[in-house]
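A structural model of the following input is requested.
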Amino acid sequence: MARKKRPEGTRRPNGASSIYLGRDGNWHGWVTMGIRDDGKPDRRHVKRKDEGDVIEAVRELEQQRDSGKVRKAGRAWTVEKWLAHWVENIAAPSVRRNTLVGYRAAVYGHLIPGVGAHRINKLQPEHLEALYRKLATKKGKHGKVLKPATIHQAHRTVRTALGEAMRRGHITSNPAEIARPPRIPEEEIIPFTKDEAAQILRACMERRNGVRFVIALTLGLRKGEALGLQWRDVDFKARTLAVRRSLQPVKWTHGCTPDEPCGHRHAGHCPQRHGGGAIPQEVKSRAGRRTVAMPAPIVAALQEHQRNQWEEREKAGNLWHDEGWVFASPVGKPVHPRTDHGEWKALLTAAGVRNARLHDARHTAATMLLVLGVPGRAVMEVMGWSHVGMTSRYQHMTTELMTSIADQIGGLFWSENDQDDGNGGSAGQPVAV
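Predicted coordinates for the structure are as follows:
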């Protein structure tokens with residue numbers, strides 16, 4: 001069939017791609033990708049020695065256009081330029097201060113020195129993986145090799161930053177989604193046994209602010225959530241706690257000037273320091289903003305704690321800071337998370353139990369809900385989780401729980417009289433079920 005020709009005197013439709021042999025001996029292709037910011041057509045040019053190569057390049061551009069994956073016109077930014085722009089102008093106004101500190105440490109300390117010279121559209125997963133291997137042998141400011149968690153933080157940061165670049169059309173795919181970060185060794189978490197928890201609870205009753213750790217063990221509140229409680233969040237009549245804020249440690253900022261420096265390396269020692277300390281912030285997620293019911297013993301313990309705080313308030317007099325914190329310093333100020341950590345370690349020593357993280361108390365609370373057979377959806381509400389998958393991370397199969405399950409299996413398949421009495425007797429014959 002003969003190929004149809006366009007009528008003489010007519011032209012190709014607007015926006016159609018064109019391929020031609022130039023006077024320079026090269027084949028040229030032009031593809032309309034869309035509209036530029038100034039309203040003019042965004043025409044992309046490719047040049048190849050061979051006609052087949054330029055046809056392939058044109059088709060690739062057309063596929064990008066048709067799939068909606070079109071990089072912005074103009075020369076691509078460097079990774080350094082984009083990361084600096086992202087962290088200071090996009091992330092800074094919208095994330096928590098501590099999150100921003102982590103982003104900046106990763107961007108300026110690891111990512112820009114490692115891959116900053118690449119064009120953002122030329123960055124490959126292999127470039128990032130090479131950086132991760134290099135960071136694994138790099139020593140930090142204390143002379144120790146960087147931990148896998150630190151390298152993983154750099155990976156999450158660049159993945160987030162490049163994800164934003166992709167949403168804004170600077171790149172068409174995110175290489176950090178493909179790059180494989182180093183594996184973080186899983187920490188062995190052993191929840192407290194029922195006896196250990198009982199020892200800790202008894203020791204809590206003898207310590208100032210001890211009910212704070214009772215809440216951690218039984219209700220599973222996070223450290224910042226417990227320290228962020230105010231009396232207006234406590235409803236004794238309804239027996240509920242409202243989790244509305246989290247108290248977080250924030251680094252201080254130097255208040256001195258370059259002309260008159262304070263001489264201290266760390267801003268926390270600067271006489272004019274500002275912006276740091278224990279700062280209340282909103283909880284991280286909608287699921288974290290929750291109301292938790294309290295058992296009667298916790299209600300009674302909190303009421304006793306409130307009476308003790310009133311006595312401290314009278315003793316402090318004008319020194320008391322009336323800020324309404326449930327767990328406060330002797331003068332009413334919020335308890336700094338670092339101070340709280342020291343109190344936890346001292347409590348474990350007083351209780352005579354093994355050393356453990358405070359966060360292990362949260363794992364213990366979640367595991368006890370498993371022991372009690374609380375449905376997964378209800379566990380999510382109590383613990384403040386946004387998805388049910390968190391149960392597998394926080395709920396653990398303890399020896400007590402496995403023994404209880406074994407006893408139930410024994411009760412199901414064997415009669416009570418046939419059960420082993422613990423002296424090596426026979427289990428007998430299984431019952432009919």
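
contacts, neighbours, all on C-alpha from now
Noted.

okay, and for the chain, where does confidence drop off?
Within the chain, the ranges that satisfy pLDDT under 70 run 1-15, 37, 70-74, 141-143, 415-433.

can I see the domain layout of it?
Domain assignment of the chain by automatic domain parsing yields the ranges 18-67, 79-177, 194-253+272-391, 398-433.

JSON lines please, covering these and showing mean neighbour count and distance to Glu188.
Formatted as JSON lines, the domains of the chain follow (neighbours: other Cα atoms under 10 Å; distance: least, Cα to Cα, whole Å):
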{"stretch": "domain 18-67", "mean neighbour count": "15", "distance to Glu188": "46"}
{"stretch": "domain 79-177", "mean neighbour count": "17", "distance to Glu188": "16"}
{"stretch": "domain 194-253+272-391", "mean neighbour count": "17", "distance to Glu188": "10"}
{"stretch": "domain 398-433", "mean neighbour count": "13", "distance to Glu188": "13"}
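
make TSV from these and add distance to Pro261 to it.
TSV is the format used below for those (distance: least, Cα to Cα, whole Å):
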stretch	distance to Pro261
domain 18-67	46
domain 79-177	23
domain 194-253+272-391	10
domain 398-433	55
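
so for Ile184, which of these sits nearest?
domain 79-177 (5.7 Å; Cα to Cα).

quick one: end-to-end distance for the closest one.
End-to-end distance for domain 79-177, by Cα to Cα, to the nearest Å: 16 Å.

just the strands in the stretch 1-150 of the chain please.
All strands of the stretch 1-150 of the chain, identified by DSSP state E, counting those that start in this stretch, fall at 18-21, 27-35, 41-48.

who wins for proximity to Phe327 among those?
That would be strand 27-35 among those, by Cα to Cα, at 58.6 Å.

hmm, back to that, same list, the strands of the stretch 1-150 of the chain, but as TSV with distance to Val379 please.
Shown next, in TSV, are these (distance: least, Cα to Cα, whole Å):
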stretch	distance to Val379
strand 18-21	62
strand 27-35	50
strand 41-48	53
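
which one of the ones you listed lies closest to Gly255?
With Cα to Cα as the criterion, Gly255 lies closest to strand 27-35 of the strands of the stretch 1-150 of the chain, at 48.0 Å.

so what strands line up beside that closest one?
Neighbouring strands of strand 27-35 in its sheet, by DSSP bridges, are strand 18-21 (antiparallel), strand 41-48 (antiparallel).

who touches that strand?
15-22, 41-51, 54-55, 58, 61-62, 65, 70 (Cα atoms under 8 Å, 6 or more residues apart in numbering).

can you pull out the helices in the stretch 251-400 of the chain?
For the stretch 251-400 of the chain, the helices defined by DSSP state H, counting those that start in this stretch occupy 296-316, 337-351, 359-371, 376-383, 390-394, 399-413.

dump those into CSV; add distance to Arg104 as well.
As requested, the helices of the stretch 251-400 of the chain are exported to CSV (distance: least, Cα to Cα, whole Å):
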stretch, distance to Arg104
helix 296-316, 40
helix 337-351, 23
helix 359-371, 26
helix 376-383, 30
helix 390-394, 28
helix 399-413, 44
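
tell me which of those sits nearest to Phe327.
When the helices of the stretch 251-400 of the chain are compared (using Cα to Cα), the closest one is helix 296-316, at 8.8 Å.

give me the contacts around the closest one.
For helix 296-316, the surrounding residues in contact (Cα under 8 Å, 6+ apart) are 209, 211, 214-215, 236, 239, 320, 326, 330-332.

reformat the strands paired with strand 27-35 as CSV; add distance to Asn308.
Formatted as CSV, those follow (distance: least, Cα to Cα, whole Å):
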stretch, distance to Asn308
strand 18-21, 83
strand 41-48, 72
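
for Val107, find the nearest of those.
Using Cα to Cα, these put strand 41-48 closest to Val107, at 31.9 Å.

residues in contact with that closest one?
In contact with strand 41-48 (Cα under 8 Å, 6+ apart) are residues 26-36, 54, 57-58, 73.

which among these gets closest to Asp195?
For the contacts of strand 41-48, the nearest to Asp195 is Ala73 (66.2 Å; Cα to Cα).

how far away is the residue nearest to Asn209 when sequence neighbours are not counted from His305?
Take Asn209 and drop its neighbours on the chain: the residue closest to it by Cα to Cα, 6 or more residues apart in numbering is Phe327, 6.1 Å away. Per Cα to Cα, Phe327 is found 9 Å from His305.

now the common contact residues for these two.
Asn209.

quick one: contacts for Val87?
So Val87 contacts 100, 103-104, 107, 161 (Cα under 8 Å, 6+ apart).

do that again at 7 Å, thanks
Neighbouring residues of Val87 by Cα atoms under 7 Å, 6 or more residues apart in numbering: 103-104.

distance of the nearest residue to Thr78 once chain neighbours are set aside relative to Gly25?
The shortest distance from Thr78 to any non-neighbouring residue, by Cα to Cα, 6+ apart, is to Arg119 (4.2 Å). Applying Cα to Cα, one obtains 29 Å for the distance of Arg119 from Gly25.
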